[in-house]
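**Q** Sequence first, predicted coordinates after that:
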Amino acid sequence: MTPGVLLALLVGSVSQAEEPRPGSGAPLTFESSELHDLAGTWGEPLRALMVLPGVSHIVSGVSLPVVRGAPPSSTGFYLDGVRVPQLQHLWVGPATLHPELVSGLDFHRGPAPARFGRELGGTVDARLLAPSTDTVRAVATLDLLDVGLLTQIPVTSTGTEFTLAGRFAYTPWLAASVLNGLRSTGPELVLGLFDYQARVTQALGRGSLRLFAFGSSDDAGLRGEGDVVRLGTSFQRVDLRLTHPLGPGEAEAAVTWGRDTLGANAGGDASRLTVGLSERILGVRMSWRAALSQRLAVEAGADVERQLVDVEQSTTFRPGEPGDPQRPTVTTDVLQSLARATFAAAYAQATWTEDRWRLTPGLRVEGYLLEPVSLNQVVFEPRLHARARLSDTVGLRLGGGLLHQPPAHYMDAPGMDAAGLRLGMQTALQFEAGADVRGPAGFTFGADVFVHPLLRTVDLDVLAFDVLANDSRQRGESRAAEGHGYGVELLARRPLSERWSLLASYTFQRRTLRTRVERRDEAGRVLGTDEVPLASALEQTHVFNTSAVVKLPWGLTVGTTLHYNTGAPEAGGLLFSYTQRPGVEPEQGTSRWVPEDRDRVARLPGYFRVDGRVSKTGTLGPLALEAWLDVFNLSLTKETFRYTYGRERGALVRKPFGLPPVTLPSLGIRARY
């Protein structure tokens, strides 16, 4: 057992154990108010996920969480039962959900409750802001990037409530408008980002009917005449849900419609290429939860989702001399069905409480059907969570489960889950043990040890277009690997009470996959291959975060976040360089760079960052006001994720990639009514 676990248990001997929510497994549970003032998060609760134990990143500032070493697409995000397909605008910008709309979250780092599936990473179950039942409420925000509004309007006479919210990135739009006005020729600059959320809740007897719609749209690049490049993403979700008491419990039935798109075009006057990826979904889910006695609670349900994925390619070519108005325009359009997939599942779990013990066994049965590639597979996923309160001072947790997921990738893109099925399923076991204690001065402590045997993993290579290949099954077998993940996670937490709060976490994690590697001589020629365990390309062995918030007189609040992580392997990929070593040109005998064997690549340098936040609150008549300055990377430190390998004055030279430090300030004001 590690020293960190022993320390947590010793602290627990003089403290009181913290009880989890019934039937929730073993999540980290937060209210948004606890995360609001964390420096470097811009007040967005889901961005605060990046400072929690078990979470690392690909590139600092990009909220694509790597949970226990798994690729970001292995983690699912849900808002009140509806999966959120994209968290950030253009994957790196502000959140696609209004921050005030999220009231809290539960974060499962290991096996989640049986109602969740198709995730080998983590599961984030965010809670939607409760309807207002008594008065009109509104929140308006204005910062350097966005203008936003959220309002809640109850109609007590009919039992109806309306919630409307949205944000618009006005700064990029204004900048593009000004630059376009200063230019008389050439393509126009396009920078448009916005999102919306709308909810209508209607009381129906003892139950309720809720219509919830939300979406996001991003458009960035150059359009018009001349050389252009443009990228656009969007998604929409509409969810209609009915909840009503049924017997001793409550039943839920819902239907969800959605559409996601990703499009890009590039080229000039002579030729242009446009590629679009679209996904349409239609899903139905049902569930029933009941407390049958003081000791026994049960939950059962089923869900079905149909996904239709298409890819469209359009090519425009104008043969002839440039400037000739008589040149013909030749256009070809190809619309291809990429996948027709059906995901269906049924699950059941029970929570038995006896004195100091709580036991939650569960089972999820899931079916995968893919067309036109013939794939029809049914998987069984048993899960178990147990908790023992050994005394009034310490509680222990155990969890385990068998999980499956389609092949993983770095960024969520429309249809990748469905299209990736043709490469075969991923399968993993997950086991974890932990301790939860409550210490003096309002502190709580947690320690977890996890082991994840990876029975089959498949990571998609977006640059090789694996899902479009005719030999997808063979590619799936060539990319499949076995391995294991393991690690230790520590957490110290003090919610804001009186004048200060603290959230500190440490993660030690390893994720290795057994992979075939090439052996090369000093000239870079392949001599043979070996199969060896390799560290995952996303593995950051040590990750440390600490966030402190202090409330001062006169309505002032200051906070800081310290972050440190060790570097991932320099093993290539979408963003990273691949380690080279000095070699010899065989014909001329001169020195040159040659690829290093994959199991001998270097690791990127560690990265340290300091974020800062200061805010001032006050009132103006019926308005509660807050002004803030939140600076990501206040320390102006630089993260190295690439090296260049070249030659200067006859000598081989290795240099870090020359991007300046990325510092992102957020200055704004919020008014509540």
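**A** Arrived safely, thanks for sending.
**Q** contacts, neighbours, all on C-alpha from now
**A** Noted.
**Q** Buried residues of stretch 605-616, list them for me.
**A** Pro605, Gly606, Tyr607, Phe608, Arg609, Val610, Asp611, Gly612, Arg613, Val614, Ser615, Lys616 (16 or more other C-alpha atoms under 10 Å).
**Q** And the contacts of that stretch?
**A** 37-40, 554-567, 626-640 (C-alpha atoms under 8 Å, 6 or more residues apart in numbering).
**Q** Try it again at 6 Å.
**A** 39-40, 555-567, 626-635, 639 (C-alpha atoms under 6 Å, 6 or more residues apart in numbering).
**Q** For PyMOL, what selects the buried ones among these?
**A** Only the buried entries of these go into this PyMOL selection, using 16+ other C-alpha under 10 Å:
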select buried, resi 39+40+556+557+558+559+560+561+562+563+564+565+566+567+626+627+628+629+630+631+632+633+634+639
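**Q** what's the helix or strand for Leu282?
**A** strand 271-291 (DSSP states H and E).
**Q** That strand: partners in the sheet, and parallel or antiparallel?
**A** In the sheet, strand 271-291 lines up against strand 249-267 (antiparallel), strand 296-317 (antiparallel) (DSSP bridges).
**Q** Need the single longest strand in the chain, by residues.
**A** Longest strand in the chain by number of residues (criterion: DSSP state E): strand 330-354.
**Q** Just after it, pick out the following helix or strand.
**A** Taking DSSP H and E, what comes next after strand 330-354 is strand 357-371.
**Q** Could I have the CA atoms of that following strand written out in CSV?
**A** Provided in CSV are the C-alpha atoms of strand 357-371 (Å, rounded to 0.1, in the frame of the first residue of the first chain):
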residue,chain,number,x,y,z
TRP,A,357,-22.6,-1.9,5.0
ARG,A,358,-23.9,-0.8,1.6
LEU,A,359,-23.8,-3.1,-1.3
THR,A,360,-24.8,-2.2,-4.9
PRO,A,361,-24.7,-5.0,-7.5
GLY,A,362,-25.8,-4.2,-11.0
LEU,A,363,-25.9,-5.7,-14.5
ARG,A,364,-26.1,-4.0,-17.9
VAL,A,365,-26.8,-5.9,-21.1
GLU,A,366,-26.0,-4.0,-24.2
GLY,A,367,-26.4,-4.8,-27.9
TYR,A,368,-24.5,-3.3,-30.9
LEU,A,369,-25.8,-3.5,-34.4
LEU,A,370,-23.9,-1.9,-37.3
GLU,A,371,-24.8,-1.6,-41.0
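**Q** If you rank every helix and strand of this structure by mean pLDDT, what lands last?
**A** In the chain, no helix or strand scores lower on mean pLDDT, DSSP states H and E than helix 3-12, which sits at a mean of 34.
**Q** Name the next helix or strand following that one along the chain.
**A** Past helix 3-12, the next helix or strand by DSSP H and E is strand 28-31.
**Q** And the residue of the chain positioned farthest from its centre, which helix or strand is it part of?
**A** Here the chain reaches farthest from its C-alpha mean at Gln326, the gap being 50.3 Å by C-alpha atoms, centre = their mean. Assigned by DSSP H and E, Gln326 belongs to neither a helix nor a strand.
**Q** what's stretch 130-149 in contact with?
**A** Outside stretch 130-149, the residues touching it (C-alpha under 6 Å, 6+ apart) are 150-154, 165-171, 667-673.
**Q** Give me the nearest residue to Ala220, chain neighbours excluded.
**A** Leu191 (4.6 Å; C-alpha to C-alpha, 6 or more residues apart in numbering).
**Q** ditto for Thr637
**A** Pro661 is the one closest to Thr637 (C-alpha to C-alpha, 6+ apart), at 5.6 Å.
**Q** likewise Gly367?
**A** Val378 (4.3 Å).
**Q** neighbours around the one you found, how many?
**A** 12 (other C-alpha atoms under 10 Å).
**Q** Over to Ala345?
**A** 21.
**Q** And the one 4 residues further on, by the same measure?
**A** When counting by other C-alpha under 10 Å, one arrives at 22 neighbours for Gln349.
**Q** Please give me every residue in contact with Ala447.
**A** Val5, Gly434, Ala435, Glu489, Leu490.
**Q** Output the residues you listed as JSON lines; include the columns secondary structure.
**A** JSON lines is the format used below for the contacts of Ala447 (DSSP: H, G, I helix; E, B strand; the rest coil):
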{"residue": "Val5", "secondary structure": "helix"}
{"residue": "Gly434", "secondary structure": "strand"}
{"residue": "Ala435", "secondary structure": "strand"}
{"residue": "Glu489", "secondary structure": "strand"}
{"residue": "Leu490", "secondary structure": "strand"}
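**Q** what two of those residues are the furthest from one another?
**A** Within these, Ala435 and Glu489 form the most distant pair, 10.6 Å apart (C-alpha to C-alpha).
**Q** Gly76 and Asp125 touch, don't they?
**A** No - counting by C-alpha atoms under 6 Å, Gly76 stays clear of Asp125, with 8.3 Å between them.
**Q** which one of these two has more residues nearby?
**A** Asp125 (23 against 20).
**Q** And the pLDDT for that one?
**A** Asp125 carries a pLDDT score of 95 in this model.
**Q** what bits of the stretch 301-450 of the chain have low per-residue confidence?
**A** By pLDDT under 70, the low-scoring segments of the stretch 301-450 of the chain are 322-323, 373-374.
**Q** so how far is the strand holding Leu282 from its chain's centroid?
**A** Averaged C-alpha coordinates place strand 271-291 at 17 Å from its chain's average position (C-alpha atoms, centre = their mean, to the nearest Å).
**Q** can you pull the buried residues of that strand?
**A** So for strand 271-291, counting by 16+ other C-alpha under 10 Å, buried means 271-290.
**Q** the inter-axis angle of that strand versus strand 330-354?
**A** Angle, strand 271-291 to strand 330-354, by axes from the mean of the first three to the mean of the last three C-alpha atoms, to 10 degrees: 20 degrees.
**Q** what mean pLDDT does strand 271-291 have?
**A** 94.
**Q** now Gly606: how far from Asp530?
**A** Per C-alpha to C-alpha, to the nearest Å, Gly606 is found 29 Å from Asp530.
**Q** just so I have it, where are all the strands in the stretch 1-150 of the chain?
**A** Counting by DSSP state E, counting those that start in this stretch, the stretch 1-150 of the chain has these strands, from start to end: 28-31, 55-56, 66-67, 76-79, 82-83, 102-108, 123-128, 137-143, 146-155.
**Q** Using the three-state scheme, assign the residue nearest to Val365 when sequence neighbours are not counted.
**A** In space, and not counting its chain neighbours, Val365 is closest to Phe380: 4.7 Å by C-alpha to C-alpha, 6+ apart. Under three-state DSSP, Phe380 falls in the strand class.
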